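# need coordinates for the following:
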Amino acid sequence: MNSFISMIILYPVLSIILALISFWLPQMYPYHEKLTPYECGFDPLGSARLPFSMRFFLVAILFLLFDLEIALLLPLPWGNHHLNPTITFMWASSILILLTLGLIYEWIQGGLEWAE
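Residues are numbered from 1 along each chain as shown. Take a look at the predicted model:
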């Protein structure tokens with residue numbers, strides 16, 4: 001019980017001390033380079049409204065869709081412990097069939113072609 005009381009006292013005191021130190025220590029002198037936005041290596045002086053490839057956008061959306069598929073199928077091994085694992089298998093199969101049909105449709109429509 002004694003260690004619990006010391007913990008209750010020590011943690012808030014330590015938090016307050018660290019918060020005060022964080023406001024006291026930094027000497028902020030902003031300069032021009034620090035005030036400019038970080039543009040991941042691109043020229044920040046150019047236009048932000050450059051044309052964007054629609055093909056790249058479609059491929060990025062497809063990547064997100066199939067990445068989400070992995071997140072949906074990750075809990076599948078734990079679904080076998082239910083009373084009826086056949087239902088889990090049917091749901092997983094329906095997700096995979098739906099995504100496969102969508103992939104075939106995109107392939108036929110030419111959505112996976114990078115260059116025109």
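# what's the pLDDT at the nearest residue to L58 once chain neighbours are set aside?
Nearest residue to L58 in three dimensions, chain neighbours excluded: G111, at 5.2 Å (Cβ to Cβ, 6 or more residues apart in numbering). C-beta coordinates here come from the backbone N, C-alpha and C atoms, glycine included. If you check G111, the pLDDT there is 78.
# counting contacts, what elements does the helix or strand hosting L101 pack onto?
Element membership of L101, judged by DSSP states H and E, is helix 85-109. Here helix 85-109 touches helix 54-73, helix 76-79, going by 3 or more Cβ pairs under 8 Å, 6 or more residues apart in numbering; DSSP states H and E.
# now mean neighbour count and mean pLDDT too, for these, in a markdown table please.
As requested, the helices and strands packed on helix 85-109 are exported to a markdown table (neighbours: other Cβ atoms under 10 Å; pLDDT from 0 to 100):
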| stretch | mean neighbour count | mean pLDDT |
| --- | --- | --- |
| helix 54-73 | 12 | 83 |
| helix 76-79 | 12 | 78 |
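# turn those into CSV, including distance to I5.
Below are the helices and strands packed on helix 85-109 laid out as CSV (distance: least, Cβ to Cβ, whole Å):
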stretch, distance to I5
helix 54-73, 44
helix 76-79, 42
